[in-house]
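> kindly generate the corresponding structure for this input.
(chains A, B, C and D)
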Protein chains: 2
Amino acid sequence: MKSALRTRLAEKMAGEITLSASPGEAMKKWRLAFNIAPGVLADELNFSPSVISDYEGGRRKNPGTAVVGKIVDSILSIDEANGGRHIRKFAKILYNDFDPDVIYDMHDYNMPVPLTRFCSAIACTHLVGPVDQQIYGYTVVNSENAILQLSANEFNRIYGWSTERALIFTNVSTGKSPMIAIRVTPIQTALRDSPGNLP
Amino acid sequence: MKSALRTRLAEKMAGEITLSASPGEAMKKWRLAFNIAPGVLADELNFSPSVISDYEGGRRKNPGTAVVGKIVDSILSIDEANGGRHIRKFAKILYNDFDPDVIYDMHDYNMPVPLTRFCSAIACTHLVGPVDQQIYGYTVVNSENAILQLSANEFNRIYGWSTERALIFTNVSTGKSPMIAIRVTPIQTALRDSPGNLP
DNA sequence: AGGGCATTTCGGCATTCAACGACATTCTTC
DNA sequence: GAAGAATGTCGTTGAATGCCGAAATGCCCT
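The predicted model follows:
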């Protein structure tokens, strides 16, 4: 029997694909979110790879439920066979009731990670604030969608399990959204006393 | 723009239908859950009523995403036009993270309702305990699925907003599940001092 | 019992899907 | 920059969908 989490995630994926104006794009989005190559997916399905392309490219605009179901299931099976990393990630986000378009990833370490190590892992440049700190997790946020979809007090929840974490904002244009996240929460940020220094 | 709740519910419905081994039956289940007649649904869709029958009866075993989407949307639109009672009900259940197969309905009144009035409304027979009480809501639970799917502390959540409520157990065979619900929660029940009197 | 309604069954037809495989194109990787 | 692998495009085929309307069935009512 499949886990309840897997079932719920499958339902969400299938629902999104089914309701999408272009199911093909939605399928592609999920395949990419799980970081699966078209060929691998085709293999799992015992399909010719071109079939995947046909769907994702939109040649079949109105795929049947059976196909959608098979594809969703295969994506999840592949991930499960690889340790289920993405399933866990999405499960967590779903469980916290977030749209995966807002929170791309959220993770909590079970041990403190030095900021320097984290920084070098994601190849980022340190600009302000103290370096000798530890973090316990991170959240990757789509700035634009966060502004559009999150209410002020929902912003809080991007802090996940531990608030001592890195917040990674993608899609930043004017820099508005990170500032909102920082100002809107009662939580202290490491930058609190020098926000004016941000580039 | 459609409300976030409606969207989420639509996604759940579409997902369930799409993943179901018989999409037709799943469609029917939802139509019935929203208490909508086939003819009315067909009307909203500008379809001939026979189409609904064809799908629900399984003649078309593998409907395309477009059809599923249209049907889900129509069901929701009809309910919305009628005040959105069912949408609110399901939204609440989804929001509390319950499977609609476990909790059939959950409602909280905004004013106390005398037990006698509630009793006569659902035509039930009073067996034990005091009659002169007020309740603030009710929950309809599928006993069997509740036992199978709920963990001990999840049982708590059937109490909803107010704990002074009627719990209605359906599908009761041995009477086990109501007893579990009563024993497992720290909440006082009106029957606490005379459970032995239950028939 | 029988008229009136809602629903299901079913034959039919145009359209589209499901899937393949051949071919063109775009990455990799050396 | 060229060989090889992975993807994408496309023509093709049988099968199934999407939808209708006519006829059959079931259901309520007085």
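> tell me the mean pLDDT for stretch A:125-136?
Stretch A:125-136 comes out with an average pLDDT of 77.
> end to end, how far does it reach?
From its first residue to its last, stretch A:125-136 covers 19 Å (Cα to Cα, to the nearest Å).
> buried residues in it?
Neighbour-count burial for stretch A:125-136, with 16 or more other Cβ atoms under 10 Å in any protein chain shown as criterion, is recorded at A:135-136. Every C-beta, even on glycine, is put in place using the N, C-alpha and C of the backbone.
> got the contact list for residue A:119?
residue A:126 (Cβ atoms under 8 Å, 6 or more residues apart in numbering or on different chains).
> get me the contact residues on chain A for DNA strand C.
A:46-48, A:50-51, A:54, A:59-64, A:66-67 (Cβ under 7 Å from any atom of the strand).
> the same query, at a cut-off of 10 Å, please.
Counting by Cβ under 10 Å from any atom of the strand, chain A comes close to DNA strand C at A:23-24, A:37, A:42, A:45-55, A:58-68, A:70-71.
> buried ones among the residues you listed?
Buried among the residues of chain A next to DNA strand C by 16+ other Cβ under 10 Å: A:23-24, A:42, A:45, A:47, A:51-52, A:55, A:60, A:63-65, A:67-68, A:70-71.
> restricted to helices, list those.
In helices, defined here by DSSP state H, the members of these are A:23-24, A:42, A:45, A:51-52, A:55, A:65, A:67-68, A:70-71.
> in those, find the pair that's most separated.
Pairwise distances across these peak at 19.6 Å for A:42 and A:65 (criterion: Cβ to Cβ).
> point out where chain A drops to low pLDDT.
For chain A, the stretches with pLDDT under 70 are A:1, A:95-97, A:108, A:110-111, A:151-157, A:159-163, A:175-199.
> domain assignment for it?
A:4-88, A:96-197 (automatic domain parsing).
> please identify the deepest-packed of those domains.
Neighbour counts (mean count of other Cβ atoms under 10 Å in any protein chain shown) averaged over each of those peak at domain A:4-88, with a mean of 18.
> would you mind measuring the gap between the ends of it?
Using Cα to Cα, one end of domain A:4-88 lies 12 Å from the other.
> adjacent strands (with direction) for the helix or strand encompassing residue A:140?
In this assignment (DSSP states H and E), residue A:140 forms part of strand A:134-142. Strand pairing for strand A:134-142, using DSSP bridges, gives strand A:103-114 (antiparallel), strand A:166-170 (parallel).
> now render the ones you listed as CSV, adding distance to residue B:4.
Below are those laid out as CSV (distance: least, Cβ to Cβ, whole Å):
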stretch, distance to residue B:4
strand A:103-114, 15
strand A:166-170, 22
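> name the nearest residue to the residue nearest in space to the middle of chain A, sequence neighbours excluded.
With distances taken as Cα atoms, centre = their mean, the residue of chain A nearest its centroid is residue A:104 (2.1 Å). Excluding the flanking residues, the one nearest residue A:104 by Cβ to Cβ, 6 or more residues apart in numbering or on different chains is residue A:140, at 4.1 Å.
> mind putting the domains of chain A into TSV with distance to DNA strand D?
Formatted as TSV, the domains of chain A follow (distance: least, Cβ to the nearest atom of the strand, whole Å):
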stretch	distance to DNA strand D
domain A:4-88	3
domain A:96-197	21
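> ok, which of those comes nearest residue B:155?
domain A:4-88 (16.2 Å).
> so is that closest one next to chain B?
Yes. With Cβ under 8 Å from any Cβ of the partner chain as the criterion, chain B is reached by domain A:4-88 at A:10-20, A:23, A:61-66, A:68-69, A:72.
> quick one: contacts for the nearest residue in space to residue A:133 that is not next to it in sequence?
Closest residue to residue A:133 apart from its sequence neighbours, by Cβ to Cβ, 6+ apart: residue A:115 at 4.5 Å. By Cβ under 8 Å, 6+ apart, the contact list for residue A:115 reads A:131-135, A:166.
> make a markdown table out of these and add distance to residue B:108.
What follows is the contacts of residue A:115, written out as a markdown table (distance: Cβ to Cβ, whole Å):
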| residue | distance to residue B:108 |
| --- | --- |
| A:131 | 52 |
| A:132 | 51 |
| A:133 | 45 |
| A:134 | 44 |
| A:135 | 41 |
| A:166 | 40 |
